[in-house]
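Peer 1: any chance you could fold what I've pasted below:
(chains A and B)
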2 protein chains.
Amino acid sequence: MNSKRDIVLTEVALRDGSHAVRHQFTVDQVKSIAKGLDDANVPYIEVSHGDGLGGSSMQYGLSLTNEMELIEAAVAEVKQAKIAVLLIPGIGTMPQLKEAAGLGVKMARVATHVTEADVSAQHIAYAKELGLETVGFLMMSHMASPKKLLEQAKLMESYGADTVYVVDSAGALLPHQVKERIALLKEHLTANIGFHAHNNLSLAMANTLAAMEAGATRIDGSIRCLGAGAGNTQTEVAVAVLDKMNIHTGIDLYKIMDVAEDLVAPILETPQEITRGSLVLGYAGVYSSFYLHAQKAAERFGIDSRSILIELGKREVVGGQEDMIMDVAAELSKRKAEVAV
Amino acid sequence: MNSKRDIVLTEVALRDGSHAVRHQFTVDQVKSIAKGLDDANVPYIEVSHGDGLGGSSMQYGLSLTNEMELIEAAVAEVKQAKIAVLLIPGIGTMPQLKEAAGLGVKMARVATHVTEADVSAQHIAYAKELGLETVGFLMMSHMASPKKLLEQAKLMESYGADTVYVVDSAGALLPHQVKERIALLKEHLTANIGFHAHNNLSLAMANTLAAMEAGATRIDGSIRCLGAGAGNTQTEVAVAVLDKMNIHTGIDLYKIMDVAEDLVAPILETPQEITRGSLVLGYAGVYSSFYLHAQKAAERFGIDSRSILIELGKREVVGGQEDMIMDVAAELSKRKAEVAV
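Peer 2: Alright, predicted model coming up:
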């Protein structure tokens, strides 16, 4: 194993994967997985509720275990890896970030919708003040033009972010779109550029390679694909692919494969396949939380839920605008009736 | 739906997917899936034992149902789709091909190891004589240099193949390697160029896009990823991705998604995930049939089966050379003992 790192990977199974196990991680699971990842020389391990610090709630799903307890357990297990947390301003708070830092967390990833970087200003500044390595995390990046994305990334950099991530939350970006976005950021930012993929269109690995080719030096992976939707770039597979390309992650291939198979696979609640549900979300480019709403609306108006989701994607409807789902369904239903006449 | 086809897809779930269900397809399953695919306007549907005509045997796995019966059932269900068969000379025979043609098959795909195109001469000529559209199928393409691959592809073309496929049987190729190979064939052949991917390295979609970019006009897909190893390019996902790229497959997206979810997902015996097993096969670039042999050898010599597979890949060991597995294991074990001393 070559421990030099050409590319720095953050493992997100203990955060993004929290969605895939309905936030039911136990202390023992987090301990054994964090230890396994650390042994395999993974540099960063993110541990939080799927929606970040403070995510445990009726709205976002209650965690089985207080995430501070999970974070503490992970910190205690690792020798070289750094523990990271996700913080979405509005869900998580600065006192929670302080508490996490006190537990030994070394990196804060402050996430906002791609057009709302301005709400991260205080949190990024505070993370830096706490001495944390700080990442700005631009979610649903496919919903902004490259120009808009650059503007928002620059904001995050100006607040103090050491790294800015392009986050393909819906798994909706195509490789050429990733390349264009990353290249633009690389050209205009001095911060590190990162990329976080989802596999809804079976493009997580392709997009990760495209991002690296365009200058990203940070990537996210989830071991055994344990992440929301169809999962992320599968960590152990990425390590194998990059190894074949002679790009050093510093991660031990056999060990990471074993963590995937022996520790993570047994706790999967459902297989991480690309189902009709995850595919349509990636195709439409909408929030996964819209899925059930669209199904209800489809039933009520006797139309296909996919048509609703695709229309919501076209209109660039964002979280918080769930009211629009019924409106869109009603409209599509009316349009359909007119065509039938 | 736009029925113009910029790219022509062959659905392989009823052939390559036969491996994934241990060759236990029933007539009813083949009927309902073939009908669904035909309704969705899939142009070609391959139906055969996983190892092609005549594959049903102790060595390759016995089929539940005589494949001629499955082929006949598929032919009877389709209105616009053409039924294809795979034929590996040495496993399948010319009389079997004749029988399949008599049942209404329209396309023969004649497959050989990438360096053995010469054994396809008679079979390709005979398929043409039978009036079948004919494909030369170069398996384990990662094991030949681009130059060697071109030489072999030219042979198949000279025998009369209408299309030559680059087949990444082990899922071992990287996108730039696919691009290089397809571009070279495109430059020197007049036959259509096709590409068949496997997803062992999570690159099936990336490689399919790379192939198309370099000039391939035929691609293979398996619905719900139902194929050997980690499966192939997932058909319904490919249809969605190409649609987003404004490339017309002529396939109805909603209908193909429904076939995947409602007809294929329920018959999956194990989820089509990338496991430790399929990953190491793709990484090493070896035949899946080596996997169990390597595990036995590993146990006997007290070494990691992955190291055996990787060494076999480096030495470019091919099917029929299974004896070498124990030799390699013995050698690695000895080397390990010497290092320990």
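
Peer 1: measure the residue of the stretch 1-150 of chain A found nearest chain B to B:Ala204 for me?
Peer 2: Distances between the stretch 1-150 of chain A and chain B by CB to the nearest CB are smallest at A:His142, namely 10.5 Å. Where you see a C-beta, it was placed from the backbone N, CA and C, and this is true even at glycine. Applying CB to CB, to the nearest Å, one obtains 22 Å for the distance of A:His142 from B:Ala204.

Peer 1: quick check, the residue of the stretch 1-150 of chain A closest to chain B in a helix?
Peer 2: Yes. Checked against DSSP: H, G, I helix; E, B strand; the rest coil, A:His142 lies within a helix.

Peer 1: list the contacts for the residue nearest to it when sequence neighbours are not counted?
Peer 2: Once flanking residues are discounted, A:His142 sits nearest to A:Ala172: 4.3 Å by CB to CB, 6 or more residues apart in numbering or on different chains. Counting by CB atoms under 8 Å, 6 or more residues apart in numbering or on different chains, A:Ala172 touches A:142, A:200-201, A:282-285, A:313.

Peer 1: more neighbours: which of A:His142 and B:Ala204?
Peer 2: The residue with more neighbours, out of A:His142 and B:Ala204, is B:Ala204; 31 against 22, by other CB atoms under 10 Å in any protein chain shown.

Peer 1: give me the number of residues near A:Ser10?
Peer 2: Check again: residue A:10 is Thr, not Ser. Residues lying near A:Thr10 (other CB under 10 Å) number 26.

Peer 1: over to A:Ala340?
Peer 2: A:Ala340, neighbours per other CB under 10 Å, totals 6.

Peer 1: one step back: so the residue nearest to A:His142 is in which element?
Peer 2: Using DSSP states H and E, A:Ala172 sits within no helix or strand.

Peer 1: surely A:Leu86 is in a strand?
Peer 2: Yes. A:Leu86: assigned to a strand according to three-state DSSP.

Peer 1: and the closest residue to it other than its chain neighbours, what is it in contact with?
Peer 2: Spatial nearest neighbour of A:Leu86, chain neighbours left out: A:Gly52 (3.8 Å); criterion: CB to CB, 6+ apart. Applying CB under 8 Å, 6+ apart to A:Gly52 gives the contacts A:15, A:85-88, A:91-92, A:111.

Peer 1: which one of the residues you listed sits closest to B:Leu332?
Peer 2: Lowest distance from B:Leu332 to the contacts of A:Gly52 (CB to CB) belongs to A:Arg15, with 38.6 Å.

Peer 1: and the residue of the stretch 101-250 of chain A found nearest chain B, how many neighbours?
Peer 2: Per CB to the nearest CB, A:Ala206 is where the stretch 101-250 of chain A lies closest to chain B, at 3.3 Å. By the criterion of other CB under 10 Å, A:Ala206 has 28 neighbours.

Peer 1: for the helix or strand encompassing it, packing partners?
Peer 2: Using DSSP H and E, the element containing A:Ala206 is helix A:204-213. Secondary-structure packing of helix A:204-213 (3 or more CB pairs under 8 Å, 6 or more residues apart in numbering or on different chains; DSSP states H and E): helix A:175-188, strand A:192-196, strand A:218-221, helix A:235-244, helix B:204-213.

Peer 1: what do you get if the cut-off is 10 Å, keeping everything else the same?
Peer 2: strand A:163-167, helix A:175-188, strand A:192-196, strand A:218-221, helix A:235-244, helix B:175-188, helix B:204-213 (3 or more CB pairs under 10 Å, 6 or more residues apart in numbering or on different chains; DSSP states H and E).

Peer 1: for the residue nearest to A:Leu86, which three-state class applies?
Peer 2: Here A:Gly52 is recorded as coil under three-state DSSP.

Peer 1: quick check: pLDDT value at it.
Peer 2: Listed pLDDT for A:Gly52 reads 96.

Peer 1: again with A:Val85
Peer 2: In this prediction A:Val85 is given a pLDDT of 98.

Peer 1: surely it meets A:Arg15?
Peer 2: Yes. At 7.7 Å, A:Val85 and A:Arg15 qualify as touching, with contact defined as CB atoms under 10 Å.

Peer 1: overlap in contacts, these two.
Peer 2: By CB atoms under 10 Å, 6 or more residues apart in numbering or on different chains, A:Val85 and A:Arg15 have these common neighbours: A:46-49, A:52-53, A:67, A:109.

Peer 1: chain B contacts on the stretch 1-150 of chain A?
Peer 2: For the stretch 1-150 of chain A, the contact set with chain B under CB under 10 Å from any CB of the partner chain is empty.

Peer 1: and the helices in the stretch 1-150 of chain A?
Peer 2: Using DSSP state H, counting those that start in this stretch, the helices of the stretch 1-150 of chain A run over residues A:17-20, A:27-39, A:67-77, A:94-102, A:121-129, A:146-159.

Peer 1: mind checking which of these is nearest A:Asp262?
Peer 2: Per CB to CB, nearest to A:Asp262 of the helices of the stretch 1-150 of chain A: helix A:27-39, 8.0 Å.

Peer 1: what residues sit buried inside that closest one?
Peer 2: Using 16 or more other CB atoms under 10 Å in any protein chain shown as the burial criterion, the residues of helix A:27-39 that qualify are A:29-30, A:32-39.

Peer 1: which of the residues you listed sit farthest apart?
Peer 2: A:Gln29 and A:Asp39 (15.8 Å).

Peer 1: and the longest helix along chain A, what does it pack against?
Peer 2: Assignment by DSSP state H gives helix A:323-340 as the longest helix of chain A. Here helix A:323-340 touches helix A:290-301, helix A:305-314, going by 3+ CB pairs under 10 Å, 6+ apart.

Peer 1: in JSON lines, list those along with distance to A:Glu72 and mean pLDDT.
Peer 2: Below are those laid out as JSON lines (distance: least, CB to CB, whole Å; pLDDT from 0 to 100):
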{"stretch": "helix A:290-301", "distance to A:Glu72": "34", "mean pLDDT": "92"}
{"stretch": "helix A:305-314", "distance to A:Glu72": "39", "mean pLDDT": "94"}
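
Peer 1: okay, those, which one's buried deepest?
Peer 2: helix A:305-314 (a mean of 22; mean count of other CB atoms under 10 Å in any protein chain shown).

Peer 1: that one and chain B, are they touching?
Peer 2: Yes. Using CB under 10 Å from any CB, helix A:305-314 reaches chain B at A:306-307, A:310.

Peer 1: okay, the angle between that helix and helix A:323-340?
Peer 2: 120 degrees (axes from the mean of the first three to the mean of the last three CA atoms, to 10 degrees).

Peer 1: just the CA atoms of helix A:305-314, as PDB, please.
Peer 2: Below are the C-alpha coordinates for helix A:305-314, written out as PDB (Å, rounded to 0.1, in the frame of the first residue of the first chain):
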ATOM      1  CA  SER A 305     -46.400  10.100 -10.100                       C
ATOM      2  CA  ARG A 306     -43.300  10.200 -12.400                       C
ATOM      3  CA  SER A 307     -44.900  12.900 -14.600                       C
ATOM      4  CA  ILE A 308     -45.400  15.000 -11.400                       C
ATOM      5  CA  LEU A 309     -41.800  14.600 -10.300                       C
ATOM      6  CA  ILE A 310     -40.500  15.400 -13.800                       C
ATOM      7  CA  GLU A 311     -42.600  18.500 -13.900                       C
ATOM      8  CA  LEU A 312     -41.400  19.600 -10.500                       C
ATOM      9  CA  GLY A 313     -37.900  19.100 -11.700                       C
ATOM     10  CA  LYS A 314     -38.500  21.200 -14.700                       C
END
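
Peer 1: that one to helix A:290-301, inter-axis angle?
Peer 2: Using the same axes, to 10 degrees: helix A:305-314 against helix A:290-301 is 120 degrees.

Peer 1: for helix A:305-314, packing partners?
Peer 2: When contacts are defined as 3+ CB pairs under 10 Å, 6+ apart, helix A:305-314 packs onto helix A:276-284, helix A:290-301, helix A:323-340, helix B:253-258.
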